[in-house]
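J.: Okay, predicted coordinates and the sequence, questions at the end:
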Amino acid sequence: MRSKVTASLILVIVVAIVAGVINYQGLIAKNPKLVPKLGLDLSGGVRIVLEARDTEGVKATSEAIDAAVVVIDKRVNALGVSEAIAVREGPNSKRIVVELPGWEDPERAKEIIGKTALLEFKTEDGKVVVSGNNLTDAKLVFSQEQGTLGEPQIAFTLDAEGKAAFATATQANIGKKITIYLDSQVLMSPTVETAITDGQGVITGGFTAEQASNDALLLKSGSLPVKLVAISEEVVGPSLGTAFKRSSALAAVIAFLLVVIWMFVMYRYLGIVSGVALIVYADILMAAYLILHATLSLPAIGGAILSIGMAVDANCIIFERIREELGMKKTVKGAIGAGFSKAFRAVFDSNLTVLVGTAFLFYFGTGTVRGFSVTLALGVLASMFTAVFASHTLVDLLLTPAIARNSRKFLG
Amino acid sequence: MTFRERILTWDIIGRTRTWFTISSVIIAIGIVAMVVNTFSFGSPLKLGIDFIGGTVINASFEKAPDEAVVRDILSANGYRNVTVQRAGEKGITMKVEATEIDPAVSGKIINDIVAKYGAVDVGTKEITSIAPVIGRDLLRRSSLALGLSLLFTLLYITIRFKFSFGLATILGMVHDIFVALGILAVFRVPLNAPFVGAFLAIVTYSVQDGVVVMDRIREKLRYRTKEPFDKLANAAVTETWMRSFNTSFTTFLAVLVLFVMGGAPIRDFSTTLLVGIISGTYSSIYVSTPLLVLWVKGREKAAALQKA
C-alpha cells in the first residue's frame, strides 16, 4: 500500500513538473513552439472565407483549389503575418478559409488574397510569349532614369524557360509592341528596341509604391489558377481581443477561488485536497493545450472554465462516498479506501460516456464544435488523471494519526 | 437531524407526478413560445447571422456618426434594409440579416463614413459577414454532429448498463434541450455559433450527471433483496443528491463568474449554460430516475401477469 502511494506520488509530481515547465516555456518564456494559439476573437485579426467559382475558361476543379491554397498561403506569408493560415474548408469543399491573426486592414488583405494576378506578355497578334508562371522574382524598385526618376516600378527576373522564350520573342518582334497585361488590364505597351536575352526587366505602369509592392508580392507568389470570391469576412479589432483576454483570464482565477472556498466549506480537509488537485488539473490541462496547439477561442475558454466545475465532480463523487462509508462506522482509513474504489466506477463511466460523445462530435463536427470537443476531451482526461492519482495520493498523505482519530475535522 | 440525514428521508420517486408536472409546464411554455414565434416571426427560435447569414459592422470614428447619414451611405451602396444604431460614444453598429454585405463593398462603406466623420478606430473595429449558405451549413452539420453523438452515447450506456438506463438518461437530456430551447425562445435570444458550444456543454453535463445516478442504481441492484424497485431507486437518488448538488453548484459558480465578467459577447452564452446546468441536474434526479422506475415497474408487472 505504502509503495503504491509513493509510486503515484512520484508520477503526479513528475507529470505536474513537466506540465509546469511546458507552461513556463509557453506562457512566460514565450518559446515560439509553445506559445498559445489564440482564436481570432482573442487575438484580433481578419478571417476571410473564399469560394471558388467556375468561369467560362476555367473550371473550379479540386486540383485547382488545392493549387490556389498553396498560392494564397505564399501570399499571406509574404504579407508578414505570423501564424497566418490558409486552408481548404474540407477535402471536397469549394471554400478556402484564410486567417490573419493580428492583422488590422481587411481591405488590403482581400485585395491581396482574392486577386488572380495573372501576368501575361503578349505580342501584337495576341500570342502569349511569357506568363507569370515564368517569374522567379519580382520586387518593388524605384526608377533611376532621368524623366521617371523615383517612380515605383516592378523589377522581374524570369526562369530559364521564360528567358529563352522572351529572348526569341523580342528578337522576332523588334520594332513592334509587346504588351504586358495583369488580369487582362494593360500595364504597359513598350516597343521592342533590341532583343532582351538576360531574362530581366522592369514594368512601369504608373503605380503607386503600395500598388507596386502589392503586385510584386502577388507576382512572386504566382497567379491563382481559379476564380475566388470572398463570401464571408470577420474582422476583430485588437483592443477588443485584449479586453476579452484579460476578463476571461480573471474570470478563470475567480471561478477557481470560489470553487475552492465552497469545497472547503463542504468537505474541510478534503476540500483543500480538491483545491490542490484542481491546481494540478489546470497545470496539466494548460500544458496539453500548448503541446497540441489547441486554439483558444472564446467558446473554448468558456468550455475550460466550465471544466473547472466538472473537474470537481470526480472529487465530489469520491468525498461523498467516503462520507457514506464513514457513516457505516468504518475507520477513516477503511472509509477512504472503500470510498475511492467504489466511486471509481461512477467516475470512470461518467467520464468515458462524455469521451465517447466528444469523439463523435469531433469526427462529424466542424470549427466551433471541433474546438469545443478537443477542449472538453482534454479536460475529461486531465480530470480523470487528477482524480485517480493526485486526489488519492494527497488524501493518503494528509492522513496523519491525529486526523485519523478525528474524522469530523477531516470531513467537516 | 442534519440536512444530509434529512435528504435520505425524502420520497422523491413517490412524488413523480409533481416533478413531471413541473417539467411539463416549463416545456409547454417553451413550446408555446416557439409556436408563437413561428407564426409571428417565421421561425421557432431567433437565429443569429452565424446561422442565417448576414453582416454586422461595428466601428468608432473620430466624430460620432449620425444614424440617418450612415443609413444614406448604406443605401447609396445598395443596402436598404439595414438596422443602424449608435453604439457607445462615437460608435455605430450596422446590421443586415439573411443576406450579407458583399465583402468587396464593406471597405467602401467604411471609407464613405470615414470621409464624413474622420478616421476609424481600428482597435475596436469589428466586421462579421457570413454568407447565408455558410450559416445553413454550420446549422446542418452541428445538428448532425449532435444527433450522432447522442446516438452513440445511448449505445455506450446500453453496453455499460442496460438499454432502459440509456433511454432514461437520453430522455433526461432531451428534457434539458427542450428547457434550454424553450427559454431561448421565450426571450428571443439570437442564436449564434457559440451556442453550439453551449448546447454541447449542456448535453455533456446532463449525460455525465445522469450516469452517476444510474451507476448508483446499478450498484444497488447487485445487492438487491426483496426491495421494490421504486424504493431502491429512491435510495439511490437521495444518497447521491448531495453530490449532484455540490457538483452542479461548483460548476454553476464557475459559469456565474463567466456571466458576470464575460461582458455582453458571452452573456447569452453563459445564461444558456446556467439554465442547462440547473436543468441537467434536476432532470437526472427528478426526470430520468422516475422514468426508469416507470419503465422497470411496467416490465415487472407484465412479467408477473405472464406468470399468473
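T.: Happy to help now that I have it.
J.: C-alpha from now on. contacts and neighbour counts both.
T.: Will do.
J.: which intervals of chain B have sub-threshold pLDDT?
T.: Residues of chain B meeting the criterion pLDDT under 70: B:262-266.
J.: Domain-wise, how is it divided?
T.: Domain segmentation of chain B under automatic domain parsing yields B:3-46+B:133-307, B:54-130.
J.: could you dump those to a markdown table with distance to residue A:31?
T.: Shown next, in a markdown table, are the domains of chain B (distance: least, CA to CA, whole Å):
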| stretch | distance to residue A:31 |
| --- | --- |
| domain B:3-46+B:133-307 | 29 |
| domain B:54-130 | 27 |
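J.: Including mean neighbour count and distance to residue A:115, could the ones you listed go into a markdown table?
T.: Shown next, in a markdown table, are those (neighbours: other CA atoms under 10 Å in any protein chain shown; distance: least, CA to CA, whole Å):
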| stretch | mean neighbour count | distance to residue A:115 |
| --- | --- | --- |
| domain B:3-46+B:133-307 | 19 | 22 |
| domain B:54-130 | 18 | 12 |
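J.: Kindly present the ones you listed as a markdown table, with separate columns for distance to chain A.
T.: Converted to a markdown table, those look like this (distance: least, CA to the nearest CA, whole Å):
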| stretch | distance to chain A |
| --- | --- |
| domain B:3-46+B:133-307 | 4 |
| domain B:54-130 | 4 |
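J.: how about residue A:382, what does it touch?
T.: By CA atoms under 8 Å, 6 or more residues apart in numbering or on different chains, the residues touching residue A:382 are A:281, A:284, A:285.
J.: The second one reaches residue A:14, doesn't it?
T.: No: taking contacts as CA atoms under 8 Å, residue A:284 lies outside contact range of residue A:14: 11.1 Å.
J.: which of the two has more neighbours?
T.: Set residue A:284 next to residue A:14 and count neighbours by other CA atoms under 10 Å in any protein chain shown: residue A:284 wins out with 27 against 12.
J.: Which strand or helix spans residue A:287?
T.: According to DSSP states H and E, residue A:287 maps onto helix A:269-292.
J.: list the helices and strands that helix packs on?
T.: Packing partners of helix A:269-292 (3 or more CA pairs under 8 Å, 6 or more residues apart in numbering or on different chains; DSSP states H and E): helix A:2-23, helix A:238-267, helix A:298-327, helix A:367-385, helix A:392-398, helix A:407-411.
J.: Which residues does the helix or strand that residue B:5 is a member of contact?
T.: Element membership of residue B:5, judged by DSSP H and E, is helix B:3-7. Here helix B:3-7 makes contact (CA under 8 Å, 6+ apart) with B:238, B:239, B:241, B:242.
J.: from those, which ones fall inside helices?
T.: B:238, B:239, B:241, B:242 (DSSP state H).
J.: Among the contacts of residue A:382, which one lies nearest to residue A:246?
T.: Residue A:246 has its nearest neighbour among the contacts of residue A:382 in residue A:285, at 19.2 Å by CA to CA.
J.: Does the closest one touch residue A:378 like I think?
T.: Yes: between residue A:285 and residue A:378 there is a contact under CA under 8 Å: 6.6 Å.
J.: ok, these two, which is more surrounded?
T.: Using other CA under 10 Å, the more surrounded residue of residue A:285 and residue A:378 is residue A:285, with 22 against 19.
J.: and the one helix or strand residue B:143 maps to, what does it pack onto?
T.: Under the criterion DSSP H and E, the helix or strand holding residue B:143 is helix B:132-160. When contacts are defined as 3+ CA pairs under 8 Å, 6+ apart, helix B:132-160 packs onto helix A:332-364, helix B:49-52, helix B:163-187.
J.: Run the chain-centre distance for that helix.
T.: Computed by CA atoms, centre = their mean, to the nearest Å, the chain-centroid distance of helix B:132-160 equals 14 Å.
J.: Burial check on the nearest residue to residue A:122 once chain neighbours are set aside, number of neighbours?
T.: Using CA to CA, 6 or more residues apart in numbering or on different chains and skipping residues adjacent in sequence, the residue nearest residue A:122 is residue A:128, 4.5 Å away. Neighbours of residue A:128 under the rule other CA under 10 Å: 15.
J.: just the one 3 residues further on next, same as before
T.: If you count neighbours by other CA under 10 Å, residue A:131 ends up with 20.
J.: And residue A:98, by the same measure?
T.: By other CA under 10 Å, 25 other residues sit near residue A:98.
J.: which residues does residue A:307 contact?
T.: By CA under 8 Å, 6+ apart, residue A:307 lies in contact with A:376, A:379, A:380, B:251.
J.: Make TSV out of the residues you listed and add distance to residue B:78.
T.: Shown next, in TSV, are those (distance: CA to CA, whole Å):
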residue	distance to residue B:78
A:376	44
A:379	48
A:380	50
B:251	48
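J.: just how off-centre is the helix holding residue B:5 within its chain?
T.: 32 Å.
J.: of the helices and strands packed on helix B:132-160, which approaches residue A:186 most closely?
T.: helix B:49-52 (40.7 Å).
J.: Can you dump the C-alpha atoms of the helix or strand following the closest one in CSV for me?
T.: The helix or strand immediately downstream of helix B:49-52 is strand B:54-60, counting by DSSP H and E. Extracted C-alpha coordinates of strand B:54-60, given in CSV (Å, rounded to 0.1, in the frame of the first residue of the first chain):
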residue,chain,number,x,y,z
GLY,B,54,-25.8,38.5,-42.6
THR,B,55,-23.4,41.2,-41.7
VAL,B,56,-22.7,43.2,-38.6
ILE,B,57,-20.3,46.1,-38.7
ASN,B,58,-19.2,47.8,-35.6
ALA,B,59,-16.9,50.8,-35.7
SER,B,60,-16.0,54.0,-33.9
